[in-house]
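Trainee: Below: sequence and its predicted model.
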Amino acid sequence: MSDSNRSRTGTTSDRTAGALVILMALLVAFESRTFTVGFVTDPLGPKAFPLVSALLLLVGGVAIQFRPGMDSNWTTWRRLLRVGVAAVCLLAYALLLGFIGFFTATMMVVAVFAVLLGGRPLPAIVTGAIGAALLYGLFSYLLDIALPVGSLFVLGG
């Protein structure tokens, strides 16, 4: 197969991913129908963000269907393992956020991701601490959004 034909046909994995993104867009749009608020906050209500997200997902999925990338080889097991570790790390972040708090959980997840992307452990921890501190400052002081301190660090908790 020549390079010009290969770029036009795309890969099965791209088309599969595009179909999954389209399915995700439809599920997000369907689920957003259930969002209601007891009082009127804005004309669109709480459905606006998920509907816009669904629209963007739909456009991206359709674009992948009509214009997939060039054929490529499947990834290695090592890369798949790194993706799996990243997914487990994000799940642990969501589960531990209330227990260990925003700062500690964010510092740990940023450090793990930095190491997964090839960083050295000590600079990754420093980067995680700085990133968590900046995000905490942004949310707590500039946006005035309360973040979980963590029940581990609350006296009597």
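Mentor: That came through fine.
Trainee: per-domain residue ranges of this structure.
Mentor: The record assigns the chain these domain ranges, following automatic domain parsing: 3-66, 77-153.
Trainee: Now do the end-to-end distance for the last one.
Mentor: Start-to-end span of domain 77-153 (C-alpha to C-alpha, to the nearest Å) is 39 Å.
Trainee: Go through the domains of the chain and find the least confident stretch.
Mentor: Note on the domains of the chain: lowest mean pLDDT is at domain 3-66, with a mean of 78.
Trainee: So what's the gap between that domain and the chain middle?
Mentor: 15 Å (C-alpha atoms, centre = their mean, to the nearest Å).
Trainee: for stretch 129-147, same thing?
Mentor: With C-alpha atoms, centre = their mean, you get 19 Å for stretch 129-147.
Trainee: Would you mind extracting the C-alpha trace of that stretch into PDB?
Mentor: Extracted in PDB, the C-alpha atoms of stretch 129-147 (Å, rounded to 0.1, in the frame of the first residue of the first chain):
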ATOM      1  CA  ALA A 129       4.500  20.400  45.700                       C
ATOM      2  CA  ILE A 130       4.900  23.700  43.800                       C
ATOM      3  CA  GLY A 131       2.000  22.800  41.400                       C
ATOM      4  CA  ALA A 132      -0.300  21.800  44.300                       C
ATOM      5  CA  ALA A 133       0.500  25.000  46.200                       C
ATOM      6  CA  LEU A 134      -0.200  27.100  43.100                       C
ATOM      7  CA  LEU A 135      -3.500  25.300  42.400                       C
ATOM      8  CA  TYR A 136      -4.500  25.500  46.100                       C
ATOM      9  CA  GLY A 137      -3.800  29.300  46.000                       C
ATOM     10  CA  LEU A 138      -5.700  29.800  42.800                       C
ATOM     11  CA  PHE A 139      -8.800  27.900  44.000                       C
ATOM     12  CA  SER A 140      -8.800  29.000  47.700                       C
ATOM     13  CA  TYR A 141      -7.700  32.600  47.400                       C
ATOM     14  CA  LEU A 142      -8.400  33.800  43.900                       C
ATOM     15  CA  LEU A 143     -11.600  31.800  43.100                       C
ATOM     16  CA  ASP A 144     -12.700  31.400  46.800                       C
ATOM     17  CA  ILE A 145     -13.500  27.700  46.300                       C
ATOM     18  CA  ALA A 146     -13.100  25.500  49.400                       C
ATOM     19  CA  LEU A 147     -10.900  22.500  48.900                       C
END
